[in-house]
Structure formats: structure tokens, C-alpha cells
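K.L.:
One predicted model, sequence on top.
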Amino acid sequence: VHADDYHLYYNMSSLLWKGAQLEQTNGTEEFLKMSAFLLLVSHAIYVFVAWAFSMFGVFTATMQTCAVGFSAVLFGYKMVLNYGSPRLSNFYGMMVPLKYMCWLELVLISIITPNASFLGHLCGILAGWFYLKKDVLFSSLGNRLATLAGGQRSRIQRGVLRPAQPRAGLQQRQNWHN
């Protein structure tokens, strides 16, 4: 289901362009993982924001509407593809840094196709940012959880799940038998 034919064609060409670049750069397996991450996280953010709006009595209709499609993931692809890029792009005669193109596209799509989900597209951009920052965020979260647990480091941080190194006593016994 799409707002109109233009929206469908735009999404198809966007997937072809962005998907091909990301898959070539990251490989098929990582591209599929990224796609799944963006799909799940963008829609989770959407549900959370819609719930928060309804709890505060702001934009309560977002909780009653249905947002479907792959557009959020496409906006996430655009964020991942262009984040931090020093390059410029021609945006209707204006030279704009690529890292800001997803934001301009968000506004432009909302003007051209007002039936498209502004919130869904915005959540896709946020999911793309979370994808880019996931290692830092999860590391920071792990450290905070460890601190809350009494300062104890997790088993992974202590190295319990690393390959076992022979203990000194065992190594000495093995050398004695040789």
C-alpha cells in the first residue's frame, strides 16, 4: 500500500540506488542484517513515538493510523549511506552536503506526497542513526548496566567467553611430561 503511484516508483528507484551501493560496500550478509535492523528499529520507534504522543495528548491520531511500507528503511539507508560524507550534492540548484540530504528529502517528500508518513520517514532516519551508532550505544549501555550491578564487569568484559589460555600449573605439568 502506497500513498500514490509516484511514492511507489520513488521507493523502487530509491531501493535500487541505495540498496545496490550499500550491498556492494558491505556485502550481502551485512546488508540483510542492516535491512532487518532498520525495519525493526524504525517501526519500534514509530510505535513508541505514537504511544508517547497519545499519552501526552499530542497528535493522538498517530496511534489510530496505519503506517505500512518500506519507506522508513529507505530513509535509514540514506542516513547510513551519506552520514559524515564531505561530498556535496546538487539539490534543485543548491549545493548541499550529502550528510543533510536525508533531512531535505524528508521535507520534500512531505510536500510532494502529503499522504506519505512523515513520522514513518523520520523514524527511518533515526533508525539509520542508531544503526551507525549501535556499537557505541551498546558498549555504553553495557558499561552502565555493569555499574548498576555493583560495579561488576560482565563475563564478556572479564574475558570468560574468550578462548581459554592454559593455566600456568597445567602448562608446567605438560612440559614435565615431555
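P.N.:
That came in fine, so what should we check first? Numbers count the residues shown, from 1 in each chain.
K.L.:
can you map out the strands along the protein?
P.N.:
88-91, 94-97 (DSSP state E).
K.L.:
Can I get those strands in a markdown table including distance to Met79 and mean pLDDT?
P.N.:
The way it works is simple: take the backbone N, C-alpha and C, and place the C-beta from them, glycine included. Converted to a markdown table, the strands of the chain look like this (distance: least, CB to CB, whole Å; pLDDT from 0 to 100):
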| stretch | distance to Met79 | mean pLDDT |
| --- | --- | --- |
| strand 88-91 | 14 | 87 |
| strand 94-97 | 13 | 89 |
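K.L.:
need those strands in JSON lines with mean neighbour count and distance to Glu30, can you?
P.N.:
Formatted as JSON lines, these follow (neighbours: other CB atoms under 10 Å; distance: least, CB to CB, whole Å):
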{"stretch": "strand 88-91", "mean neighbour count": "12", "distance to Glu30": "25"}
{"stretch": "strand 94-97", "mean neighbour count": "11", "distance to Glu30": "25"}
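K.L.:
Please name whichever of these is nearest to Gly69.
P.N.:
Gly69 lies closest to strand 88-91 among these, at 23.8 Å (CB to CB).
K.L.:
and the top helix by length along the chain, what does it pack onto?
P.N.:
Looking across the chain with DSSP state H, the single longest helix is helix 118-148. With contacts taken as 3 or more CB pairs under 8 Å, 6 or more residues apart in numbering; DSSP states H and E, helix 118-148 sits against helix 28-56, helix 71-82, helix 101-112.
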